[in-house]
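# using only what follows, build the 3D model:
(chains A and B)
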Amino acid sequence: MGFEFFSPAFILLIAAVLICLVKGHARTAVILIAPIITLLAIWQIPDGVQSTVKFLTYNIEPVEGSPLRRLFATIFTIMVFVGGLFSFRIARWYELAAAFTYAAGAIGVCFAGDLITMFVYWELMAIFSTIVVWCGGTPDSRAAGIRYAIMHFLGGVILKVGIVGVVLGTGSIKIQPMLATDFSTWMILIGILINAAAPPVSAWLADAYPETTPTGSVFLSAFTTKTAVLALILLFPGEPVLIGIGLFMVMYGIIFALLENDVRRILSYSVVNQVGFMVVAVGIGTEMALNGATAHAFAHIIYKALLFMSAGVVIYRTGKNKCMELGGLFRTMPLTCVCGIIGALAISGFPLTSGFTTKSMISQAAVDGDLVWVYMALTAASAGVFLHAGIKFPWFVFFQKDSGLRPKDAPWNMGLAMIIFASMCILLGVFPETLYALLPYPVDYQPYSIGKVLFYLQLLLFSGLAFFVLLPLMKRTMTISLDTDWLWRRAAFSLVKLIERALSSLGDMVTQQRNRLQKFLQRMAVRYLGQPHTADSQERGVFARSWPVGTTVLWIAGLLSAYVLLYYL
Amino acid sequence: MNDEKQLHWLVRPSTIRKLWIGFSVVLTLVVLAQTVIYVKGYFGFDAWFGFGAIYGFVSCLVMVLIAKLLGLFLKRPLDYYDEPEQIKTSEPSHDKVKENSNGV
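Down below sits the predicted model:
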């Protein structure tokens, strides 16, 4: 089929170029048809390495197929299609082109057979996701985009250092499972974890995603963190460090989302929370856990994009993004409200939604591994997800008080995009076998048993009760929360200011000394070379006085006699 | 009553009261159902009667309290990060004054 050398990513790259070149309906056609062709191409790729190209001394493998890679590429492509449908009418052409290139990077990573190819696509994602952040067009989004770019290019450099180390150490650039045992593998792990929004740099995600356009954040929510999860599954399955990191991310996401007032920032923190579940699963590393991580990534992209779409429609229609300014929107936005609630139920893992059938696989993997504490923490976190995303998001946006806003419901294309994803959330919840059949390892797992459903209903409904009982404690405030980004946004900034001030006072001192030296030199010059303004004064410098002719003759006579004397000596 | 008629049916106090009652009934049923339905515990203690309900409620309570506590230290006004920018824009004029005084 011609995909031995060219990854399906190229179809989206060509589409991105076409988006720049054509206009109107032709552009819409490109946006909607390119993902479908890409999807067909993805399912043409057989398992295994498709081709090897000699580059310098390395064997580059541009396309490698496997069920895991195909599944990630599939959900990325579905995301491009539905995201394109959601945004083609209001997003600017450059935003869509950047989003398509960004998605092409993600799909390229899916099929990369070696570390060098992966790195190239990885950087492609970093560059074009930064452009998507910048599409927000405000000074805030410009600044956030720069911070985002610095973080991701730094991550890229760390990843590159690791890759070079591994290549020098093992002589192989193949993507294969490894453990973080030495410097280079640690560098690779850190480089990937930066993209997964792991601590201590989780802050980049909630800093950048809410600053872009309502449509841009839908694309951003899908690719970067999930390609990082895929890379972790491919490179670090069963790395024990990941369990701790993942649990931290899970709790971090909940706590910070509870403190937050900005709608999209709440959703951004819950991205960190959900990716935390997947990172824990990769850390457990059994077949069940890796299946769980894959299935959860698949389901997560759908419901998270759905939530960002629902928030995006609200922001597009009202121009407001703070919980305090919103509320009561269910009256005029029933479709957006219902789709938002379905997304919220799915992220909370309510029975009959995709979250239940995928997240419970991760919990099951923890049970199978006899990890009591991990299981209990994940269960508590499931309750917390319902609290911070499942109820908090719909409640503060669509219910709570009446904000007086009466915006129109979503335009048809946005509504259709939301309906597609909302139905997928429910379909995957009711018929999980369709997804289970595509997972990398054979699935022997029954998500629904009456006892388990009852346990989760108790857990979730009583978290709901906790929300309404504790509502007075959750009063929104017009605030932001400090995070580790304080270190570079405030502390580092102050440090730079301090250095700048020190340098400028040093500069002042140098200027002062220079002035003093200048004055001193001038005084000396005046003393010995004369005073131009007082030409006839008695106080002329010793070299500037007009000496009588006689004195000069005397000097010349003296010199001549000295010369004669020296000649005869 | 007139006031109540003007409100959307979902936000009328009477509806909200009914919702609370309905919700409480569901909560009670979900816990009582455990007398009939066997919940398979993986580690023993998670099969206790009403464990899911208590665990869900308590973990949410703890998380909200932790968030509240952290909020005391972490919350800042919206323009917190804007301040340094303002200093930056006001400083050039400050520098100019300095330069002038140097020139004199």
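# quick check, central residue of the chain?
Defaulting to chain A. Centroid-nearest residue in chain A, with Cα atoms, centre = their mean: A:Leu205, separated by 5.0 Å.
# hm, I was asking about chain B
Geometric middle of chain B (Cα atoms, centre = their mean) lands on B:Val64, at 7.0 Å.
# so that residue is in which element?
helix B:51-74 (DSSP states H and E).
# what's that helix in contact with?
A:251, A:254-256, A:258-259, A:379-380, A:383-384, A:387, A:454-463, A:465-467, A:470, A:473-474, A:481-483, B:27, B:30-31, B:39, B:41, B:45-46 (Cβ atoms under 8 Å, 6 or more residues apart in numbering or on different chains). (C-beta placed from N, C-alpha, C; glycine too.)
# same deal with stretch A:460-472?
Stretch A:460-472 is contacted from outside by A:348-350, A:382-384, A:386-387, A:390-392, A:395, A:474, B:23, B:26-27, B:30, B:52-54, B:56-57, B:59-61, B:64, using Cβ under 8 Å, 6+ apart.
# all helices for chain B, in order.
B:2-6, B:13-32, B:51-74, B:83-103 (DSSP state H).
# weakest of those helices by average pLDDT?
Least confidently modelled of these is helix B:83-103, at a mean of 45 by mean pLDDT.
# picking up where we left off before, I figured the residue nearest to the centre of chain A hits A:Arg265, correct?
No: contact criterion Cβ atoms under 8 Å: A:Leu205 and A:Arg265 do not qualify, at 9.5 Å.
# and A:Trp204, how many residues sit next to it?
25 (other Cβ atoms under 10 Å in any protein chain shown).
# do the same with A:Leu96
26.
# now do the same contact list for it.
A:Ile19, A:Arg27, A:Ile31, A:Gly84, A:Ser87, A:Phe88.
# going by distance to chain B, which of the residues you listed wins?
Closest approach between these and chain B, by Cβ to the nearest Cβ: A:Ser87, at 27.4 Å.
# the closest one touches A:Thr215, doesn't it?
Yes: counting by Cβ under 8 Å, A:Ser87 does reach A:Thr215; the two are 3.4 Å apart.
# okay, and the common contacts of those two?
A:Glu95.
# the more surrounded of the two?
The neighbour count for A:Ser87 versus A:Thr215, taken as other Cβ under 10 Å, is higher for A:Thr215 (29 against 26).
# contacting residues for that one?
Counting by Cβ under 8 Å, 6+ apart, A:Thr215 touches A:Gly83, A:Phe86, A:Ser87, A:Ile90, A:Ala91, A:Glu95, A:Gly312.
# thinking again about what came up before, for the helix holding B:Val64, which positions count as buried?
B:51-53, B:55-57, B:59-61, B:63-64, B:67, B:70-71, B:74 (16 or more other Cβ atoms under 10 Å in any protein chain shown).
# and it, how far out from the chain's middle?
10 Å (Cα atoms, centre = their mean, to the nearest Å).
# try stretch A:284-297
Distance, centroid of stretch A:284-297 to centroid of chain: 23 Å (Cα atoms, centre = their mean).
# just the element for A:Leu427, please.
Here A:Leu427 is assigned to helix A:412-430, by DSSP H and E.
# can you point out the buried residues in that helix?
Buried residues in helix A:412-430 (16+ other Cβ under 10 Å): A:413-415, A:417-422, A:424-425, A:428-429.
# export those residues to CSV and append columns for distance to chain B and pLDDT.
Converted to CSV, these look like this (distance: Cβ to the nearest Cβ, whole Å; pLDDT from 0 to 100):
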residue, distance to chain B, pLDDT
A:Asn413, 28, 94
A:Met414, 24, 95
A:Gly415, 21, 95
A:Ala417, 26, 96
A:Met418, 21, 96
A:Ile419, 22, 96
A:Ile420, 27, 96
A:Phe421, 25, 96
A:Ala422, 20, 96
A:Met424, 27, 96
A:Cys425, 22, 95
A:Leu428, 23, 94
A:Gly429, 19, 94
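# just send the residues you listed back as JSON lines, with distance to A:Glu287 too.
What follows is the buried residues of helix A:412-430, written out as JSON lines (distance: Cβ to Cβ, whole Å):
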{"residue": "A:Asn413", "distance to A:Glu287": "40"}
{"residue": "A:Met414", "distance to A:Glu287": "39"}
{"residue": "A:Gly415", "distance to A:Glu287": "40"}
{"residue": "A:Ala417", "distance to A:Glu287": "34"}
{"residue": "A:Met418", "distance to A:Glu287": "34"}
{"residue": "A:Ile419", "distance to A:Glu287": "35"}
{"residue": "A:Ile420", "distance to A:Glu287": "31"}
{"residue": "A:Phe421", "distance to A:Glu287": "28"}
{"residue": "A:Ala422", "distance to A:Glu287": "31"}
{"residue": "A:Met424", "distance to A:Glu287": "25"}
{"residue": "A:Cys425", "distance to A:Glu287": "25"}
{"residue": "A:Leu428", "distance to A:Glu287": "20"}
{"residue": "A:Gly429", "distance to A:Glu287": "23"}
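# for B:Tyr81, state which of the residues you listed is nearest.
A:Met414 (31.4 Å; Cβ to Cβ).
# quick one: contacts for the closest one?
Residues near A:Met414 by Cβ under 8 Å, 6+ apart: A:Phe86, A:Met309, A:Gly312, A:Val313, A:Tyr316.
# same question for A:Asp114.
Contacts for A:Asp114 (Cβ under 8 Å, 6+ apart) come out as A:Tyr58, A:Asn59, A:Ile60, A:Glu61, A:Ile173, A:Lys174, A:Ile175.
# keep only those of these that are in strands.
Counting by DSSP state E, those place A:Tyr58, A:Asn59, A:Ile60 in strands.
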